[in-house]
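A.B. asks: Give the three-dimensional model of this entry:
(chains A and B)
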Number of protein chains: 2
Amino acid sequence: MSELRVKIGEIAKRRGFYWKSYEIYGGLGGFYDYGPLGSVLKDNIIQLWKEHFVLKDGLLLIDSPNIGPELMYKASGHAEKFTDYMVKCKKCGHAFRADELLKSCMENPEKLDEKGLWKAIKENNVRCPDCGGELGYPERFHLMFTTQVGLNKKAFLRPETAQGIFINFPILYRLNREKLPMGVAQIGKGFRNEISPRQGLLRLREFNMAEIEFFIDPQADFPLGEEENVILPLLTREGKELKIKAGEAVELGILSSPIAYFMARSLKFLRALGIDENKLRFRQHFKEELAHYSRDTWDCEVLLSQGWVEVIGIADRGDYDLKRHMHYSGRDLTALRRFKEPKRIKIKKLRAKMDVLGPLFKGEAKKIAEIIDNMDYREGDIEIELNGKRVKVPENAYEIVFEEESIGGERFIPHVIEPSFGIDRLIYAVLEHSYYERAERGYKVLKLKPRIAPIKAGVFPLMSKEPLAKVARNIVTLLRNRGVNCYYDDSGSIGRRYARADEIGVPFCITVDHTTLEDSTVTIRERDSMEQTRVKIEELGDKLINLIEGNLKFEEV
Amino acid sequence: MSELRVKIGEIAKRRGFYWKSYEIYGGLGGFYDYGPLGSVLKDNIIQLWKEHFVLKDGLLLIDSPNIGPELMYKASGHAEKFTDYMVKCKKCGHAFRADELLKSCMENPEKLDEKGLWKAIKENNVRCPDCGGELGYPERFHLMFTTQVGLNKKAFLRPETAQGIFINFPILYRLNREKLPMGVAQIGKGFRNEISPRQGLLRLREFNMAEIEFFIDPQADFPLGEEENVILPLLTREGKELKIKAGEAVELGILSSPIAYFMARSLKFLRALGIDENKLRFRQHFKEELAHYSRDTWDCEVLLSQGWVEVIGIADRGDYDLKRHMHYSGRDLTALRRFKEPKRIKIKKLRAKMDVLGPLFKGEAKKIAEIIDNMDYREGDIEIELNGKRVKVPENAYEIVFEEESIGGERFIPHVIEPSFGIDRLIYAVLEHSYYERAERGYKVLKLKPRIAPIKAGVFPLMSKEPLAKVARNIVTLLRNRGVNCYYDDSGSIGRRYARADEIGVPFCITVDHTTLEDSTVTIRERDSMEQTRVKIEELGDKLINLIEGNLKFEEV
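C.D. replies: Got it, this is the predicted structure:
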């Protein structure tokens, strides 16, 4: 483990960002708790995500359950295909993800199939990382958690939030007044029974995600608007690295417009989180690496102490999902493409043959003929309902004719672009990219952006005596009533209190001193510049809120 | 089903608050989706909860996983005791919760045990509600969802968020600088495999909850502060109804201070949500009804079309949870009670007998004696570690003496008060209590408080023509950039647009008309009074935000 990773983990546990779950019961691999600081940091990141994507792009937000029925996951393909290759140690019985074991001895082991993995394990003489034992042949391991609803209905915990959106397409499309493009967002938990999760927040069995399913008409234009000029750092499937404007990448055919659009939007979001732009790239998936539903996928990767780590995936899922759900549910999940002018088209229609129907159905033949004449085109024997009974009409009782009709549009299956954000990975990336050490003073700082910092201000009486302490406590109440998350601290020297605040990324520290008693001013100290300035208490709330929201610079206070 | 319930359900589905999950796959009982309006309403209610409880009371927020290990749920008692009585129909095989079936024919069936339920079913001739068939004998049905982690570790989905807090007590207590009282909050999903969930949002198998575990020293005072004078509507276990000040209820011994405190805080929260205070009461649990961990519980119930429904439970869990987890984990989950002055106390100590140890252990006897002299009091044979070996010392090798010691405090197991909020039920209650019909105009209104209304403003051009439409669209962008959730609507008459907005609780509608083009003003119309006033576009954002936050009344605009 790299030194930085150890340092972040130490601060995380000691100060209450996150820690391994269930430690008092020996732990459970792949599960982490967010502590008081971490859960607020997570909330703040999610809040920013909602403002950046949902509010500003006018997306629809939905919230569907974690537990889903088996049939839905048969339709999505997960029941069959959502597996990883596992190898078990023949000696200690521990299980590992095959491609993870090969990462240190070769490039892109995720491209390998069962036989390829086995060959690579043998050739590189890969042994059990826990006991050095011999490894067995790769087996498929299913990654969904299974459970049972009611007395006996098999169900899964969702591996992604996406399916809950797809199956609601008809309702959502109606709520969106039958307009495309339509973006639907969902933020929530995902669950994957990872074979051997050992990378802290980077590989969890229960994780937080934020996903957008963006439904488009593949024939419609998709203008990039002001995102056109955002410069994207790309790494193509062929290994080409380039920095290129979003608009240009589309023109050159490197990216589709919607993928380029969401790359640009994502880049801006990561910037707002404080991710270092020089440690960020969009990497195109290899063909072999693509998920079963994907036509093209670009991962947004961030350079961390572990190497390049995916934090966002932007996948073109084509019409895979809606098509599959249409097939499995028998429901109509299409959208309407309106023509600019109505089109006259020839369509196949059924025309009843009275000479066949008459002898067969006698007095009811006329009614049946009427029903058949109004039916959509189909082939073979037909079942119709007549006076509450089901009646079978043989295929020789009708013929197929062409008719001209004027139509205003046509139905089609929308395509889906899916930007998917790993919130836990983003949290970890933000912590690593925010961390620095103030050498001259020998202490640690998290330069968290004020918007996402879990605590916005520390309030310190110079000494823990009255009336200083009381004034400081009143300021805490005043700020909390304004919605500013702050805390009171009177323990140790002011320097030590600053240090404790810096380590958890508190952007502003407010000190109540003797001058406060004279002129009702306090000092505000900014974390990174360590500059201080005096402010009137009555103006403190407004100024602090403006500093946090980014409407005011510290120099302007 | 009552008429009101049907109306709310109809609006919920048609306008996108919530609907039954997985409908295209035939549904899955007890699961609901929140649509675009419902998920934002939920977020807003949770946000208000966080401000009201977490921020203002300075609680610690944590976020622990949904999946938890079997051992933890053995410790909590859920693995054994978290069951309901189920009866199955002998004819159609459908299963029902026994006490629910009896609700219509008797009072308080939840007080009955297995035999009592069976007797009541027979005596009242209760039959299967689905087919009228004969019902079988009550069986215990386990309410936790089971799953498996990794290759073979049994685990459960949490039935409440509480356990994730209890087991982290040592870390949280340290983070709180070893001070009590300490309140820890968690907001998240809970899962209960209900036998026959049939009441919409009121009985879900996967639900949203917000819980506080408030750790107290049972010997310490708990001042009510300004909550003392809040008037609480109580219904005691004995059936007594009274309206009484929180402070008085404590003095009379009806309520403990912490329960009274959280009742008062909860009442204020429900008020902020817009719950009708005349349809609200705190009902004390019957002895037979108390959960296995509870010493006393009061449910906050709200009167809905289904009758009185629990939306908040406030339970005194005593030291049950921490004690059980100490026992099962072998860890120390106690807190320190500091004495005002150090106490001199007599404690039992071990004193080694060299005359027994000498012959037994020879050259090592002296070292062993030293270890024994420093041990905490215990009885029987002792195992000690000496030079890496375990050595057994018989009980006759030491005597028990009394020594005086000066101590600064003592360890104790904190008690826990748990206010637990059912978010889904609150959402439904808010919708029912917000609903009214404007008879003279024949349409429906949700008088949602601006703070929790999912959409704060509709922006309407008087006609869908330029330049009116463009000005309206610019206002939408302007407001969204200020964080105000609003939408553009140019379809139908202004009256129809108001009606659509009222039905989903939009508190303010902004209309761009011809005067706008002359003097850059727009009209704001308030939902309930239907009053209108003109405002300059440049002041619109500020005024609207102040209206939403409740800092400004509409008459003052």
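A.B. asks: Get me the contact residues on the stretch 101-250 of chain A for chain B.
C.D. replies: A:145-151, A:153, A:155, A:157, A:164, A:167-168, A:170-172, A:175, A:177, A:189, A:191, A:193, A:195, A:205-206 (C-beta under 8 Å from any C-beta of the partner chain). Just so you know, the C-beta spots here come from the backbone N, C-alpha and C atoms, and that holds for glycine as well.
A.B. asks: which among those end up buried?
C.D. replies: A:145, A:147, A:149-150, A:155, A:157, A:164, A:167-168, A:171-172, A:175, A:189, A:191, A:193, A:195, A:205-206 (16 or more other C-beta atoms under 10 Å in any protein chain shown).
A.B. asks: Of the residues of the stretch 101-250 of chain A next to chain B, which belong to strands?
C.D. replies: A:T146, A:T147, A:Q148, A:V149, A:K153, A:A155, A:L157, A:K189, A:F191, A:E206 (DSSP state E).
A.B. asks: Go through the residues you listed and say which is closest to B:E370.
C.D. replies: Checking those against B:E370 with C-beta to C-beta, the nearest one is A:E206 at 48.8 Å.
A.B. asks: neighbours around the nearest residue to that closest one once chain neighbours are set aside, how many?
C.D. replies: Excluding the flanking residues, the one nearest A:E206 by C-beta to C-beta, 6 or more residues apart in numbering or on different chains is B:P65, at 4.7 Å. Counted with other C-beta atoms under 10 Å in any protein chain shown, residues neighbouring B:P65 total 25.
A.B. asks: Thought A:N208 was touching B:P65, still the case?
C.D. replies: No - if you go by C-beta atoms under 8 Å, B:P65 and A:N208 don't touch, sitting 10.6 Å apart.
A.B. asks: before we move on, the earlier item: okay if I get the ones in strands among the residues of the stretch 101-250 of chain A next to chain B as a markdown table plus distance to B:E241?
C.D. replies: Output for those, formatted as a markdown table (distance: C-beta to C-beta, whole Å):
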| residue | distance to B:E241 |
| --- | --- |
| A:T146 | 48 |
| A:T147 | 43 |
| A:Q148 | 43 |
| A:V149 | 40 |
| A:K153 | 43 |
| A:A155 | 43 |
| A:L157 | 44 |
| A:K189 | 42 |
| A:F191 | 46 |
| A:E206 | 45 |
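A.B. asks: need the contact list for the nearest residue to A:F222 once chain neighbours are set aside.
C.D. replies: Of all residues not flanking A:F222 in the chain, A:S257 sits nearest, at 3.8 Å (C-beta to C-beta, 6+ apart). A:S257 is in contact with A:D221, A:F222, A:P223, A:L224, A:V250, counting by C-beta atoms under 8 Å, 6 or more residues apart in numbering or on different chains.
A.B. asks: Report the buried members of those.
C.D. replies: A:F222, A:L224, A:V250.
A.B. asks: out of the residues you listed, who's nearest B:K42?
C.D. replies: A:F222 (31.4 Å).
A.B. asks: Could you report the separation of the closest one from A:I67?
C.D. replies: Separation of A:F222 from A:I67 (C-beta to C-beta, to the nearest Å) stands at 35 Å.
A.B. asks: ditto for A:R158
C.D. replies: 8 Å.
A.B. asks: do A:E556 as well
C.D. replies: Per C-beta to C-beta, A:E556 is found 51 Å from A:I67.
A.B. asks: do the same with A:K447
C.D. replies: 40 Å.
A.B. asks: Domains in chain A, by residue range?
C.D. replies: As recorded under automatic domain parsing, the domains making up chain A are A:3-68+A:143-322+A:416-425, A:83-142, A:340-408, A:455-556.
A.B. asks: pLDDT at the closest residue to A:T83 other than its chain neighbours, what is it?
C.D. replies: Nearest non-adjacent residue to A:T83, counting by C-beta to C-beta, 6+ apart: A:R140, 4.3 Å away. Note for A:R140: predicted pLDDT of 91.
A.B. asks: Return the alpha-carbon coordinates of the host helix or strand of A:R140 using CSV.
C.D. replies: Applying DSSP states H and E as the criterion places A:R140 in strand A:139-142. In CSV, the C-alpha atoms belonging to strand A:139-142 read as follows (Å, rounded to 0.1, in the frame of the first residue of the first chain):
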residue,chain,number,x,y,z
GLU,A,139,-14.9,-20.7,-12.5
ARG,A,140,-17.8,-18.2,-13.2
PHE,A,141,-19.0,-16.6,-10.0
HIS,A,142,-22.3,-14.8,-9.9
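A.B. asks: name the helices or strands packed onto it?
C.D. replies: Counting contacts by 3 or more C-beta pairs under 8 Å, 6 or more residues apart in numbering or on different chains; DSSP states H and E, strand A:139-142 is packed against strand A:83-88.
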